[in-house]
Structures are given as C-alpha cells and as structure tokens.
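1. Okay, here's the prediction I keep looking at, along with the sequence it came from:
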Amino acid sequence: MASAAQQTLFLPFENGILPPPSDAESFVAFGIEANTALDEAWKKALTIVQPFRPDYHKLERAGFHVVPRVEGNGRFDAGMLLLGKHRGRNEQWFADSLQRVAPDGAIVVCGEKKLGIDSFRKWAGKIVELEDRLSKNHAVVFWMKRPAELSDETISALRPAAKRVDGRFDTAPGMFSHGEIDKGSALLAHHLEGRLSGAVADFGAGWGYLSAECLKYPEKFSKIDLYEADFEALEAARGNLSGLAGDIPLSFHWHDLVSEPVAEIYDTVVMNPPFHEGRAADVSLGQAFIAAAARRLKPGGRLLLVANRQLPYEATLKPLFRLVEILEEGQGFKVIEARR
C-alpha cells in the first residue's frame, strides 16, 4: 500500500480531472514508492526515478521501470513528483521535471502538509502558472502545464547549488551531512591512523569523507571499496575521491547493506551507520551494518565505527567480535573498535 501522500498524488487522475496515460504515452515520476494498486497501464507508462537503493528494489520487484537517474535527452509526455523531506532535492527534481517533460505536458506535484507542500506550491507558482490543487489525506496535490517557452538557463537557475565542504568535497541536498562534515565521522577520522590494513571497505560511504580520510595513509592498505545506498551520494564520492587515490584502487558499489550480500572479504571496515528510516530512529539499521561487517571481515579483521552515544550497539557487537573497545566518547558520539 502506498503512502497517503502518494494516493493523493494520483487523485487528479482518479477524479477524471487529468487523463491517465494512453498506451503511447510515457510519464516520468520522481520519488514515488512501489504501489501494487496501480494497473498495468500505469506500470507501462511510468519511468520512476529513485536513487535510494532499498526503494529502487521494491519498485523493481513490483514490476515498475525504475532508474536511479534519468540519462540522455529524451522527453516525456508528463511528469509526477512526490515530495520528500529534503527541500533541495525536491527543487532539483522539480527542475528535472521541467527539463524532461515536453511542452504543454502535465506536471503533477504532491506532498504532505507537514513536509512543507504549501510553501513549495507557492514557490513553484512563481515559476510556472499553476492550474489547480486538491487536498486529501493531510497532503496537497497541485498541477500545471509545462510552459512551451522555458529556457535552459531558467531551469538551471532553479537547481540548488552544490555546497563545497572543506574546499575539496562537493555535496548536494538530500545527501547525509549535506554541506558539512559530520561531527561523528570527523571524530572517527582521528582514530584511523595505525588501524587501517589490507583491503578496506567503507560501509555507508556517503559522499566519501571517511574514504578520503583513509587515503591520507595510503602505505597502510591495498584498496578501498565504497558501499552506499544513495546513488547521488555515491556519484558525488566518485568525483570527490578522483584526485585523491593515487595508486590505491577504488571501487564504488550502489548497494543496500541491509538486504544485499557483500561479495568481498576485508581486513578493515569503517562506518558511520545510519540510524534513521524517514523521520523515525531505527537502531536495526546500524545493527544490520554491524552484522554485514562481521560476515565479511577476516579473522583478526578490524571494524571501526562511530555512533551516537545512546545507541546500544555494544550488545550487537559483543557476540560477533572477539574484542570490543570504546576508543573515545565525546560530542554526543562514541568511537568503537571491534576485532574479529
């Protein structure tokens, strides 16, 4: 069952205000979830853009055509956008909709009231003339026609600027720790020297900060493999690390560590595991990352992780690792070393 906001997204079509896609039409949709209630005509018409690997898999299993990013210069007959919690990524996807939808094609946007749909609607209305709106399920859906006269320069100006961090990292809205170095990751970075060896994996690599810190000690290890569920963050990491690796081989894996097995074996794993699913804290995410590391570390291998101080990861670590030591506590975080 789709979220209440997604159900509202399709309301103009269900009410007969907007026509559903014909056999020959193609719609691009940003951010929507798997919805088995949609019929085959919708599945045939939709190209869904979903950069978050777990949601991508759900859509794929449900039979939808899903991509992490739209490539090429093709145009779609209409567009749909389900707003998420990151305003900047919503603005990016709105600009993508204007770029990808053919002139006079419908663009339908929906979001929960608590996520700021009303302010987003007012912002969009300053750019494009809106046709109408509906409200249901604590969400608002509005729609417009893609103007025939809309320059590439106008669309580009809508895209939020990437934020450069520490003079060397490019980040974008929607990524973890967008625009700044995460304090926990910075704390962990202080403990990397002398603890890296052999094949290294960065679990939940984000835009590449911890891997970049590892690359300060290239004589101590043989390679780094980055695993990240956010496609856009992983692509940012690819760019951020391109000039730093020297002779150290890097590989980039768009990967869901909770549900997808890791093939390689490692000597060292570094991680700042996620602990939120949407808006709610979910300690099981970090526990799954720890279990994945334990399965792929060699005997004697080392896990280095940082976590919020209150998260009870020690109970997960101790049955899986021979030694567990807290290296530092401070600023609301704890840095832990665990040995297989």
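-> Thanks, I have it.
2. Check the secondary structure at S222 for me.
-> Put simply, S222 is strand when judged by DSSP: H, G, I helix; E, B strand; the rest coil.
3. Does it touch C214 like I think?
-> No. Look at S222 against C214 with C-beta atoms under 8 Å: they stay out of range, at 11.6 Å. Bear in mind the C-beta positions are built from the backbone N, C-alpha and C, glycine included.
4. the more surrounded of those two?
-> A direct count of neighbours by other C-beta atoms under 10 Å for S222 and C214 places C214 higher, at 26 against 12.
5. where in the stretch 101-250 of the chain is pLDDT low?
-> Flagging of the stretch 101-250 of the chain using pLDDT under 70 yields an empty set of residue ranges.
6. Show me where this protein has its helices.
-> 4-9, 11-14, 40-45, 53-61, 87-100, 117-125, 152-158, 183-189, 209-214, 231-241, 283-296, 314-317 (DSSP state H).
7. Please work out which of the ones you listed is packed deepest.
-> helix 209-214 (a mean of 24; mean count of other C-beta atoms under 10 Å).
8. list residues touching both of S222 and C214?
-> V200 (C-beta atoms under 8 Å, 6 or more residues apart in numbering).
9. Backbone dihedrals for the nearest residue to P54 once chain neighbours are set aside, please?
-> Closest residue in space to P54, ignoring its immediate chain neighbours: D256 at 4.9 Å, by C-beta to C-beta, 6 or more residues apart in numbering. Note on D256: backbone dihedrals following degrees, to the nearest 10 are phi -100, psi 100.
10. Just give me the neighbour total for D256.
-> 16.
11. And the one 10 residues further on, by the same measure?
-> Number of residues near Y266 (other C-beta under 10 Å) recorded here: 24.
12. so it bridges to which residues?
-> Legend: beta-bridge partners of Y266 under DSSP bridges are L297.
13. Is it correct that it is in contact with K298?
-> Yes. Applying C-beta under 8 Å, one finds Y266 in contact with K298, separated by 7.0 Å.
14. which residues are in contact with both of these two?
-> G198.
15. Would you map out the domains in this structure?
-> 4-158, 163-339 (automatic domain parsing).
16. Pull up the gap between the spatially most central residue of the chain and A172, please.
-> Closest to where the C-alpha atoms of the chain average out (C-alpha atoms, centre = their mean) is D230, at 3.1 Å. D230 sits 10 Å away from A172, going by C-beta to C-beta, to the nearest Å.
17. and if you look at S97?
-> 17 Å.
18. For the nearest residue to R322 once chain neighbours are set aside, which residues count as its bridge partners?
-> Spatial nearest neighbour of R322, chain neighbours left out: R339 (5.4 Å); criterion: C-beta to C-beta, 6+ apart. In this entry, R339 is beta-bridged to R302, L323, by DSSP bridges.
19. R339 against L304, yeah?
-> No. Judged on C-beta under 8 Å, R339 makes no contact with L304 at a distance of 10.3 Å.
20. ok, these two, which is more surrounded?
-> Remark: of R339 and L304, L304 carries more neighbours, 24 against 14, as counted by other C-beta under 10 Å.
21. Would you confirm that that one contacts V270?
-> Yes. Judged on C-beta under 8 Å, L304 makes contact with V270 at a distance of 4.9 Å.
22. any residues in contact with both of those two?
-> 188, 192.
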